[in-house]
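Novice: starting from these lines, generate the structure:
(one chain, ligands or ions: 1)
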Amino acid sequence: MVNSNKNQSMQAVQLSEQERSELDHMLEHYPVASGANIDALKMIQKYHGWVSDQHLAALASYMQIPIAELESVATFYNLIFRKPVGDHLVHPCDGVSCAVMGYRKVHQQLKQTLEINDGETTQDNVFTLIPLPCLGACDKAPVLLINETLHENVNPDHIDDIIQSVSEHSDSEKSAIKMESE
Ligand code: FES
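Specialist: Predicted structure coming up:
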């Protein structure tokens, strides 16, 4: 019974016209559909913020590949999200150079400031914490990527200020959007 309900809800999601059009375009560039797996998952995430079971099923059905194949790709890549994430993605680098230069303290402070563990999202849905391997800025280690902004030579004592400033920026953006819509 549980499975049947799940299947029914999984069948409820359909890819939009735009999504199907982008998929068709991607599939033209690969000899087999599974070559487009990552791009297809990224495309779903671009429109929905994450990849739900329902979208995974819709994608697999449209691409005519097994759901399990798409799921294993989504699980392997830690930047494909299988559950909703916050407005801001916080990625401390846990690569070797950053580990040597103080990642552990930066990471600890982030968890303390945000009051979450890795892979979790703050209760207000503002921040999600996901450590990533080498971000390609080893000479500036330890580094911290928040959305598209790379913070270099991060001092754990500055984490509170960094998070506070991202939070305030987010609040002011939301206020501006609210005022525009009024
Ligand atoms: S190990 Fe952190 S940027 Fe390379």
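Novice: across the sheet, point out what pairs with the residue nearest to residue 85 when sequence neighbours are not counted.
Specialist: Using CB to CB, 6 or more residues apart in numbering and skipping the chain neighbours, the partner closest in space to residue 85 is residue 128 (4.1 Å). Placement of C-beta: from N, CA and C, glycine included. Bridge pairing for residue 128 (DSSP bridges) gives the partners residue 89, residue 121.
Novice: contacting residues around residue 128?
Specialist: 85-86, 88-90, 116, 119-122 (CB atoms under 8 Å, 6 or more residues apart in numbering).
Novice: what two of the residues you listed are the furthest from one another?
Specialist: 88 and 119 (14.8 Å; CB to CB).
Novice: and the two? which has more neighbours close in?
Specialist: Applying other CB atoms under 10 Å to residue 88 and residue 119 shows that residue 88 carries more neighbours, namely 20 against 13.
Novice: give the closest residue to residue 105 in space, chain neighbours not counted.
Specialist: The shortest distance from residue 105 to any non-neighbouring residue, by CB to CB, 6+ apart, is to residue 156 (4.4 Å).
Novice: what's the neighbour count on the residue in the chain positioned nearest to the ligand?
Specialist: The ligand sits closest to residue 95 of the chain, with a gap of 2.4 Å, by CB to the nearest ligand atom. For residue 95, the neighbour count with other CB under 10 Å is 20.
Novice: residue 63 now?
Specialist: 20.
Novice: list the contacts for it?
Specialist: 23, 27, 33-34, 36, 40, 70.
Novice: need the per-residue pLDDT for residue 88.
Specialist: On pLDDT, residue 88 comes in at 96.
Novice: check contacts around the residue nearest to it when sequence neighbours are not counted.
Specialist: Leaving aside its sequence neighbours, residue 88 sits nearest to residue 127 (CB to CB, 6+ apart; 5.1 Å). Residues near residue 127 by CB under 8 Å, 6+ apart: 86-90, 114, 116, 121, 163, 166.
Novice: spell out which parts of the chain neighbour the ligand.
Specialist: 93, 95-98, 134-138, 141, 143 (CB under 6 Å from any ligand atom).
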